[in-house]
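Engineer: Predicted model and sequence follow; I will ask about them next.
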2 protein chains.
Amino acid sequence: MARPLPSAPFSGQPAKNLGDLQTKERLIRTAVILFQTQGYHGTGTAALLKAANAPKGSLYHHFPGGKAELAIAAIEWIEGEILAALSKTANSGKTLADLIGWLFEGTARWAERSHFEESPLLAAITSAGAPGEVMAAADRVYRGAEDALLPLTGGSRDLAALVISSLDGSVVLARSRRDAEPIRATSRELRAYLSSR
Amino acid sequence: MARPLPSAPFSGQPAKNLGDLQTKERLIRTAVILFQTQGYHGTGTAALLKAANAPKGSLYHHFPGGKAELAIAAIEWIEGEILAALSKTANSGKTLADLIGWLFEGTARWAERSHFEESPLLAAITSAGAPGEVMAAADRVYRGAEDALLPLTGGSRDLAALVISSLDGSVVLARSRRDAEPIRATSRELRAYLSSR
DNA sequence: GACTCTCTAGACCGGTCGGTCTATATTTCA
DNA sequence: TGAAATATAGACCGACCGGTCTAGAGAGTC
């Protein structure tokens, strides 16, 4: 199975093959892909294990808490991608408008690349309901992302909330439409705002 | 079962009881609630039928296409709510800023009322993947909502996309946080934009 | 070699999944 | 009244669900 690696919209993924990874890592990466595609409830452990080419025993060895614990690990993997991307940008002297242009365009291309089969992991998992621990993990990542944006928003939490909300929301629109235009339209409008402010 | 009726964020619901409705209507209303709470894959037909107090035969009589067809009916029910709310507002001389204030505040209260157990139906269904016909139905509703916003955005599709994206996205954030603040923060920031433009 | 610890392997469990099918009740209209 | 159409009722189906459990492979250490 030559399935590509995940798949955060804004991560520069190394082109390694899933098969080269250790079992635990392979489970996490596969979980990211499948949860982004089918959500938490839509992803069965059997399909996940088959895609990761791992037996059931390995899942419950590495993640005694089962599917929920694996989902949390997937969320934390995404957290690393998000924070790395944001801190890299924040330290490069870019403005918020630059970041938004780069973030939304990267997301638009990611959506196109996956033929609109994937949603951002956090939205895919939380918008359809998931166990409480999983929701809490997603909340932590959202808060971290908001904090990471603050230096670029001049400390405005409202603006940070608008950026995160509209990014996630625009991908949901794009997925239904099977067209990345809503992502790019939202980005244009956000940048128009920033340049007028 | 005294479950309240759905549950579009912006619909002024009559306080009728679910039990008074015909079976078909009861199935649709129940589907709206459950899909908003648990998503498409997370909602089983057995639980749905129990909540609607209907036997399995009735589901497949009224919706020969099964769960997917029922989901489409639920989406179309929501479509009616959305378009009614938007057209009522558009005809009342309100500005876009007025609409956003009313829409986001109504959504924030709805989220609080459900204790953050519900997501907007379209986002809950589409962000986690659903059968193609269901996605297509959601797309039609999103397009209709965008069109309905155009008179208020001065014809700007970009601005309409931003409003819809950020509304849906902010509820996803709020649900993870179990706090409506992201919805209100996004609304404030959007209105700040509109007043500066 | 023998013991330990880590990890892989998959059979197996009860429960639930979406869907089909037949039987019966209710309504409509001739 | 009686036939036809509509809708309710739920038993039943094979497939799959998440999770448990036992067995053994493999590496590291004495």
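Structural biologist: Looks like it arrived, so ask away.

Engineer: Go through the helix or strand hosting residue A:144 and flag the buried ones.
Structural biologist: Assigned by DSSP states H and E, residue A:144 belongs to helix A:132-149. Within helix A:132-149, the residues that qualify as buried are A:134-135, A:137-139, A:141-142, A:145-146, A:148-149, counting by 16 or more other CB atoms under 10 Å in any protein chain shown. Glycine gets a C-beta too; all of them are placed from N, C-alpha and C.

Engineer: Farthest-apart pair in these, please.
Structural biologist: When the buried residues of helix A:132-149 are compared pair by pair using CB to CB, the farthest-apart members prove to be A:134 and A:149, with a separation of 23.3 Å.

Engineer: near DNA strand C, which residues of chain A?
Structural biologist: Where chain A comes near DNA strand C, counting by CB under 7 Å from any atom of the strand, the residues are A:22-24, A:54-58, A:60-62.

Engineer: Packing partners of the helix holding residue A:144?
Structural biologist: If you count contacts as 3 or more CB pairs under 8 Å, 6 or more residues apart in numbering or on different chains; DSSP states H and E, helix A:132-149 packs onto helix A:66-90, helix A:121-126, helix A:157-177, helix B:157-177.

Engineer: In CSV, list these along with mean pLDDT.
Structural biologist: Conversion of those to CSV gives the following (pLDDT from 0 to 100):
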stretch, mean pLDDT
helix A:66-90, 95
helix A:121-126, 98
helix A:157-177, 98
helix B:157-177, 98
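
Engineer: Restricting to C-alpha, output stretch A:148-161 in PDB.
Structural biologist: Backbone C-alpha positions of stretch A:148-161 (Å, rounded to 0.1, in the frame of the first residue of the first chain) are rendered in PDB as follows:
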ATOM      1  CA  ALA A 148       1.000  31.100  18.600                       C
ATOM      2  CA  LEU A 149      -0.800  33.500  16.400                       C
ATOM      3  CA  LEU A 150      -1.000  36.300  19.000                       C
ATOM      4  CA  PRO A 151       2.400  37.800  18.200                       C
ATOM      5  CA  LEU A 152       1.200  38.300  14.700                       C
ATOM      6  CA  THR A 153      -2.200  39.700  15.500                       C
ATOM      7  CA  GLY A 154      -0.800  42.300  17.800                       C
ATOM      8  CA  GLY A 155      -2.200  40.400  20.800                       C
ATOM      9  CA  SER A 156      -5.800  40.200  19.500                       C
ATOM     10  CA  ARG A 157      -7.500  37.000  20.400                       C
ATOM     11  CA  ASP A 158     -10.500  38.000  18.400                       C
ATOM     12  CA  LEU A 159      -8.500  38.200  15.200                       C
ATOM     13  CA  ALA A 160      -6.700  34.900  16.000                       C
ATOM     14  CA  ALA A 161     -10.100  33.300  16.500                       C
END
